[in-house]
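**Q** Predicted model and sequence follow; I will ask about them next.
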Amino acid sequence: IIYTFLVSFLVEVLCQYTPLDNYGMVPVGAAAKLVCILPMLYFYNKSPKRQAKTKHKITDGLFILLTAICLSVAFNNIISLTPLKAWSPAYGEVEGSIAATSFVWMIISAGIIAPILEELVFRGILFGNYRASIGVWPTILASAAIFGLMHYNLVQFVYAFLMGIFFAYLMEKTGEIWTC
C-alpha cells in the first residue's frame, strides 16, 4: 500500500509542478497505476489464497455486476442528498479534472486500470493477508476504510468505503478476486 501511496503522491507532485492541464493528469495517473499493477500482482500471488467456495456461472457474474451498479447508483444518489460535496473542496477539484478529461482516457484510467490495481491491493493483498489474523469483519472494515482514504476527499471516501465493504464481502463469500 505504501508503494501505491508513493506513486499516487508522485503523480500528484508531477501534475502540480509541470505544465500539465487537467487533461494531461489522467494519462499520467493511468501510466503510474499501470506501473503499479505488476509489483502488486507479485504481492497478490504471494498472499494467502483460499479455495473458491463454488464454481461460478456467467449468471453469477452478471448478478454481481448488476448489484454493484445498483449499489453505485444508490450510494451516489444518497451522497448527492447530503452536504458532503460542500464540505469537501477537494472533490470539486476531482470533478473539474474529470470534466476536463476525454471520455476515452477516463474509461481507460478510472474504469479499467484503477479498478484492477485497487482490487489487487485492497481485496487481494490487504484483505487476503489480514482476514485470518484479525478476523473477517475487522478486515472488511479496515480494508474499506483504507480504500476510502486512498481517494483523498470526503465524498469519495464515503462512496469508496461503502463499495469497499461490498467488494470485500464478495471476496469473502466467493474466495475469488474476479468477483470484485
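**A** Cool, got the structure. Nothing here was measured: the structure is a model prediction, and the numbers come from that model.
**Q** where in the protein is pLDDT low?
**A** 1-7, 9-26, 49-56, 97-99 (pLDDT under 70).
**Q** In it, which residue is most central in space?
**A** For the chain, the residue whose C-alpha lies nearest the mean C-alpha position (CA atoms, centre = their mean) is Glu118; its distance is 4.1 Å.
**Q** Was I right to think that residue contacts Phe147?
**A** Yes: assessed by CB atoms under 8 Å, Glu118 is found in contact with Phe147 at 6.8 Å. Quick note: C-beta positions are derived from backbone N, CA and C, even for glycine.
**Q** What segments of this protein are helices?
**A** Assigned by DSSP state H, the chain shows helices spanning 2-17, 22-46, 58-80, 84-87, 89-99, 103-106, 114-118, 128-134, 136-149, 154-174.
**Q** Just name the most buried of those helices.
**A** Of all those, helix 154-174 has the most neighbours on average by mean count of other CB atoms under 10 Å, namely a mean of 20.
**Q** do you know how far Gly135 is from Phe161?
**A** Remark: distance between Gly135 and Phe161 (CB to CB, to the nearest Å) = 18 Å.
**Q** picking up where we left off before, any idea how far the residue nearest to the centre of the chain is from Lys85?
**A** 22 Å.
**Q** ditto for Ala160
**A** Distance from Ala160 to Lys85, by CB to CB: 15 Å.
**Q** Also Ser8?
**A** 22 Å.
**Q** What of Ile58?
**A** 38 Å.
**Q** Tyr42 too?
**A** 38 Å.
**Q** on that earlier part again, could you export the helices of the chain to JSON lines, including columns for distance to Cys180?
**A** Listed next are the helices of the chain as JSON lines, based on distance: least, CB to CB, whole Å:
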{"stretch": "helix 2-17", "distance to Cys180": "16"}
{"stretch": "helix 22-46", "distance to Cys180": "12"}
{"stretch": "helix 58-80", "distance to Cys180": "9"}
{"stretch": "helix 84-87", "distance to Cys180": "25"}
{"stretch": "helix 89-99", "distance to Cys180": "23"}
{"stretch": "helix 103-106", "distance to Cys180": "21"}
{"stretch": "helix 114-118", "distance to Cys180": "9"}
{"stretch": "helix 128-134", "distance to Cys180": "11"}
{"stretch": "helix 136-149", "distance to Cys180": "11"}
{"stretch": "helix 154-174", "distance to Cys180": "4"}
